[in-house]
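Enquirer: 3D, please:
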Amino acid sequence: MFGRKKKLNELKLSDLMAQLRPDLSRESLGVGPDFPGVVPNPLLSSEARKRKAELRAGALALGVLVDWREISSDGGPRVVLMLDVETIGGISFRGIADEDLTITELTRLAPGQTVPVRYRPTVMDHYVTLARDADPARVQQLSEEIASRKRP
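Expert: Sure thing, here's the model as predicted:
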């Protein structure tokens, strides 16, 4: 009886999520073993709330939508977006955005779509958030800078 409780405590939340939702496993999302995982309810996690606040103030980058998974539809669709992110500094990584979208936003999602995102350059843990507040002129400038770096 005591041993069972210890084994349950050793089970990590990310491992539990991978068992319950294989489509949200690290392998399925295309991230490495250091990715902390998707929180079942970010409203109940102080760490997730802190991360969201830090991401809102993060650095601007561009993300190309690879795929997305719906987590829940209670009170509006909550989705995990998988994005290939390119930063102004030339760093590329697979970004994961855990977002609450409207039905309209959800229907507009299409693989290959480029969207502005924010990330935490000091952490680099695959978490990003959509930069809905980004100035369109700044996004255009960022896009041109990234494109010019790719040209020979």
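Enquirer: among the helices and strands of the protein, which has the poorest mean pLDDT?
Expert: Ranked by mean pLDDT, DSSP states H and E, the helix or strand of the chain with the weakest confidence is helix 2-10, at a mean of 48.
Enquirer: element containing I96?
Expert: I96 is part of strand 92-100 when elements are defined by DSSP states H and E.
Enquirer: Run through who's touching the helix or strand just after that strand.
Expert: Downstream of strand 92-100, the next assigned helix or strand under DSSP H and E is helix 103-107. Residues outside helix 103-107 that contact it (C-beta atoms under 8 Å, 6 or more residues apart in numbering): G76, P77, V79. Every C-beta, even on glycine, is put in place using the N, C-alpha and C of the backbone.
Enquirer: Give me the lowest-pLDDT entry from the residues you listed.
Expert: Here the lowest pLDDT out of these sits on G76, with 71.
Enquirer: Who's the closest spatial neighbour of it, skipping the chain neighbours?
Expert: D100 (5.5 Å; C-beta to C-beta, 6 or more residues apart in numbering).
Enquirer: Tell me what L60 is bridged to.
Expert: Judged by DSSP bridges, the bridge partners of L60 are R118.
Enquirer: So what's the residue count around it?
Expert: L60 has 17 neighbours, counted by other C-beta atoms under 10 Å.
Enquirer: and the gap between it and I103?
Expert: Distance of L60 to I103, given as C-beta to C-beta, to the nearest Å: 27 Å.
Enquirer: next one: L55
Expert: As for L55, its distance to I103 is 24 Å (criterion: C-beta to C-beta).
Enquirer: what about E144, helix or strand, and which?
Expert: Per DSSP H and E: E144 is located in helix 136-150.
Enquirer: So which elements touch that helix?
Expert: Secondary-structure packing of helix 136-150 (3 or more C-beta pairs under 8 Å, 6 or more residues apart in numbering; DSSP states H and E): strand 59-72, strand 114-119.
Enquirer: So what touches that helix?
Expert: Contacting residues not belonging to helix 136-150 are listed as L60, A61, L62, E86, I88, G90, T114, P116, A131 [C-beta under 8 Å, 6+ apart].
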